[in-house]
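Enquirer: dropping a prediction and its sequence here:
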Amino acid sequence: MEQTNPHIQHLLICIDLEIKEQEKKYKLDQQHSLKSLKSEGLALHPLRVIRKVFGYADYPEISFKLPFPTDVSNFKDGAAIECFCEGEEPVKGILMHMDGAKGDFRLFAPDFPDWIEDDGVGIKLSPDHRTNEVMRNALKSLGDSNGSNFLFQKIHSEDKWNNQHSFSETKLSFTNEKLNESQKIAVKSIVENENLTIIHGPPGTGKTTTLLEGILQLIKKGEKVLVSAPSNTAVDNIARGLIDLNVNILRVGNTTKVDETVFPYTTEGKMSESKQQKEIKKLKIRAEELRKMANQYKRNFGRDEREQRNLLLKEVKNIRKEIRDLRNYYEDLLFDQAKVILGTPIGLNDFVTKGQLFDTLILDEAGQCIEPLAWVLFPLASRWVLAGDHLQLPPLVFSDEAAKLGFNKSILEYCFNNTTNVHFLNTQYRMRKSIADFSSNYFYKGELCTPEHLQDNGIHISFFDTAGAGYEEEKGGDGSSLMNRGELDMVQKIIDSEKLEMNSIAFISPYSGQVGLAKSTFSKELLISTIDSFQGQEKEVVIISLVRSNDESKIGFLSDYRRMNVALTRAKEQLFVIGDSSTIGNDPFYVQFLEYMEKVNGYRSVWELE
């Protein structure tokens, strides 16, 4: 495919915009002081190093502790970071794990910086140049693979691709006998797929259950399966399901902090008891001894000392190459033995050798995957299965300009709109009927069914209207997000009035300012989260604070209806929504929502709980 293809050029421009926005946001300079980065939650400083080791890939890994409480919500596992110290050249790396005031990061360097334990060391978020470069290369090499070239042309053709196929008469012997009819049809489509099939799974419809059965059936056919998703959490979710089904899997990528049930199935976990690992351990000890000897000559040394240091470091380098060769040999063995390989797109890009072709790629949470990231994966397989729901939150994009150009349109949305081989999972098993029905009617043409045991036996969804109560929105202390103190008062009143157990409740809001205020108001028993972070989760009881209350009827984030689809479909038993009808009531989506609440007798005034 010519690199001048307009759509490819368009995506490359969007990647450039993303990089520029990230560089602008994370830069540490006169315009962006360390103090301002810390106040925006983009830097952690100072930090105290509590452990240093050379990790699995022989990169330096640092465990640290923060000496003070601070906002770490932006520091997600796998985030690109830079480790810095005033007056020193920063070192790029990746955040492996963050838990409260403790964390671990890996540096992309041959050794620890001399200054790593000095006062004033910190880490800050950094542009993810590596991911962006991998995506760029994937787009530029699209024409190298006939399979992905064919798929690209079909997805971006002006005519809709009629790729729906006729099912064979062969009956599948399902491992899971509890699958409903729509799930069985979806599994059969996965097995008989000739090119691309889409599994459209609205909230609670058993998408993961369906994919697991599909993978089992592909293995029965003798296929080698590649499984991916944009996040490590989603990959591990599938991995756990396959482990429970006794499938021989290999989980690759940044696996240092994967779920403990998945770790034994990572390359590191599988190697832990191997003969090669014992040999690697001896080599690592020897390399560390030589490295320490070399570091004796770090400062204020003459020519002879410099030569001795260089000889020692050269030997360390040779040992590390020997370690890499041993590891690569063992990884090849593990690769050959596994029936299913799992990882994020970048993890798989690093692990799968160019030219290795899988029979089927399954991309879960495809509604969260931007298009260039999908092209990292598509050349690795000859058939493709995309699963997810494009009517929930789209992929996260930093650049507003790139988003306006459509960069936050997921690969699932492109394929859904341009192909016909789509299979809708039509029965939800998560929530009571009245909780599910509004989303079913608005987003899914009323086609989402609820089984008998989840039919209503009372009022399961309520809207508390704060109009006229004086619960005005306000800007948070840092001016970056909105909050509404009156709505938080309502939360406590609902909990008391309904006699709810704290550990059964999730409080969610689209505004991080409201979430931050809630965390400082309520006990840790209450699960508190932004809507975006709560996607994919569920709770017996969910309380949503809409926050917006103003005379101009401005609703901001609330105008992204897909975000509200996520919010309204997290509760299993009871859903409470708190909002100001006079503010949201001019928007067509919320007009329908308020009418629905009246219809199911769920509309309640704030004054009822005074």
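Expert: Thanks, I have the structure now.
Enquirer: list the buried residues in the helix or strand where residue 16 lies.
Expert: Secondary structure assigned from DSSP states H and E places residue 16 in helix 6-26. Along helix 6-26, the positions that meet the burial threshold by neighbour count (16 or more other CB atoms under 10 Å) are 8, 11-12, 14-15, 17-19, 21-22, 26. (Glycine included, C-beta is placed from N, CA and C.)
Enquirer: which residues in the stretch 201-350 of the chain form helices?
Expert: Secondary structure of the stretch 201-350 of the chain (DSSP state H, counting those that start in this stretch): helices at 207-220, 232-244, 267-271, 275-295, 303-337, 345-351.
Enquirer: nearest to residue 186, out of the ones you listed?
Expert: In this view, the helices of the stretch 201-350 of the chain are compared for proximity to residue 186 by CB to CB, and helix 207-220 is the closest at 5.1 Å.
Enquirer: which residues are in contact with that closest one?
Expert: Residues from elsewhere that reach helix 207-220, judged by CB atoms under 8 Å, 6 or more residues apart in numbering: 172, 174-176, 179, 183, 186-187, 190-191, 199, 201, 225, 227, 237-238, 241-242, 245, 247, 339-340, 359-360, 362, 364, 385, 387-389, 425.
Enquirer: give me that answer again for 6 Å
Expert: Contacts to helix 207-220, defined as CB atoms under 6 Å, 6 or more residues apart in numbering, come from residues 175-176, 183, 186-187, 190-191, 201, 225, 241, 339, 360, 387.
Enquirer: weakest of the helices of the stretch 201-350 of the chain by average pLDDT?
Expert: Per-stretch mean pLDDT for these is lowest at helix 275-295 (a mean of 76).
Enquirer: for that helix, what is the distance to the chain centroid?
Expert: Between the mean C-alpha point of helix 275-295 and the mean C-alpha point of its chain there is a distance of 35 Å (CA atoms, centre = their mean, to the nearest Å).
Enquirer: ditto for stretch 317-330
Expert: Stretch 317-330 has its average C-alpha position 32 Å from the chain's average C-alpha position, going by CA atoms, centre = their mean.
Enquirer: contact partners of that stretch?
Expert: Taking contacts as CB under 6 Å, 6+ apart, the residues outside stretch 317-330 that touch it are 58, 271, 276, 280, 283, 287.
Enquirer: and the residues you listed as a markdown table, adding neighbour count?
Expert: As requested, the contacts of stretch 317-330 are exported to a markdown table (neighbours: other CB atoms under 10 Å):
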| residue | neighbour count |
| --- | --- |
| 58 | 18 |
| 271 | 20 |
| 276 | 15 |
| 280 | 20 |
| 283 | 16 |
| 287 | 20 |
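Enquirer: and the furthest pair within those residues?
Expert: Checking the contacts of stretch 317-330 against each other with CB to CB, the farthest-apart pair comes out as 271 and 287, at 17.3 Å.
Enquirer: against residue 534, how distant is residue 34?
Expert: Computed as CB to CB, to the nearest Å, the residue 34 to residue 534 distance reads 31 Å.
Enquirer: now for residue 573: which residues touch it?
Expert: The neighbours of residue 573, taking CB under 6 Å, 6+ apart as the test, are residue 540.
Enquirer: a helix runs through it, doesn't it?
Expert: No: when classified by DSSP: H, G, I helix; E, B strand; the rest coil, residue 573 is found to be strand rather than part of a helix.
Enquirer: and it, what pLDDT?
Expert: In this model, residue 573 carries a pLDDT of 98.
Enquirer: what does residue 463 give?
Expert: Residue 463 carries a pLDDT score of 98 in this model.
Enquirer: state the distance from the closest residue in space to residue 261 that isn't next to it in sequence to residue 219.
Expert: Distance criterion CB to CB, 6 or more residues apart in numbering; nearest residue to residue 261, sequence neighbours excluded, is residue 240 at 5.8 Å. Residue 240 sits 17 Å away from residue 219, going by CB to CB.
Enquirer: I figured residue 85 hits residue 114, correct?
Expert: No: with contacts counted by CB atoms under 6 Å, residue 85 stays clear of residue 114, the gap being 9.7 Å.
Enquirer: what is the burial count for the residue nearest to residue 261?
Expert: 18 (other CB atoms under 10 Å).
Enquirer: for it, give its distance to residue 441.
Expert: From residue 240 over to residue 441 the distance is 33 Å, taken as CB to CB.
Enquirer: now swap in residue 554 and tell me
Expert: Residue 554 is 26 Å from residue 441, where distance means CB to CB.
Enquirer: output the worst-scoring helix or strand of the chain on mean pLDDT as PDB, nothing but the C-alphas.
Expert: Lowest on mean pLDDT, DSSP states H and E among the helices and strands of the chain sits helix 275-295, with a mean of 76. Output in PDB follows, covering the C-alpha atoms of helix 275-295 (Å, rounded to 0.1, in the frame of the first residue of the first chain):
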ATOM      1  CA  LYS A 275      17.500 -25.000  34.600                       C
ATOM      2  CA  GLN A 276      18.100 -21.900  32.400                       C
ATOM      3  CA  GLN A 277      16.900 -19.600  35.200                       C
ATOM      4  CA  LYS A 278      19.300 -21.100  37.700                       C
ATOM      5  CA  GLU A 279      22.100 -20.500  35.100                       C
ATOM      6  CA  ILE A 280      20.800 -16.900  34.500                       C
ATOM      7  CA  LYS A 281      20.800 -16.300  38.300                       C
ATOM      8  CA  LYS A 282      24.500 -17.300  38.500                       C
ATOM      9  CA  LEU A 283      25.400 -15.000  35.600                       C
ATOM     10  CA  LYS A 284      23.500 -12.100  37.100                       C
ATOM     11  CA  ILE A 285      25.400 -12.500  40.400                       C
ATOM     12  CA  ARG A 286      28.700 -12.500  38.500                       C
ATOM     13  CA  ALA A 287      27.600  -9.400  36.500                       C
ATOM     14  CA  GLU A 288      26.600  -7.600  39.600                       C
ATOM     15  CA  GLU A 289      30.000  -8.300  41.300                       C
ATOM     16  CA  LEU A 290      31.800  -7.000  38.200                       C
ATOM     17  CA  ARG A 291      29.500  -3.900  38.100                       C
ATOM     18  CA  LYS A 292      30.300  -3.100  41.700                       C
ATOM     19  CA  MET A 293      34.000  -3.500  41.100                       C
ATOM     20  CA  ALA A 294      33.700  -1.100  38.100                       C
ATOM     21  CA  ASN A 295      31.800   1.400  40.100                       C
END
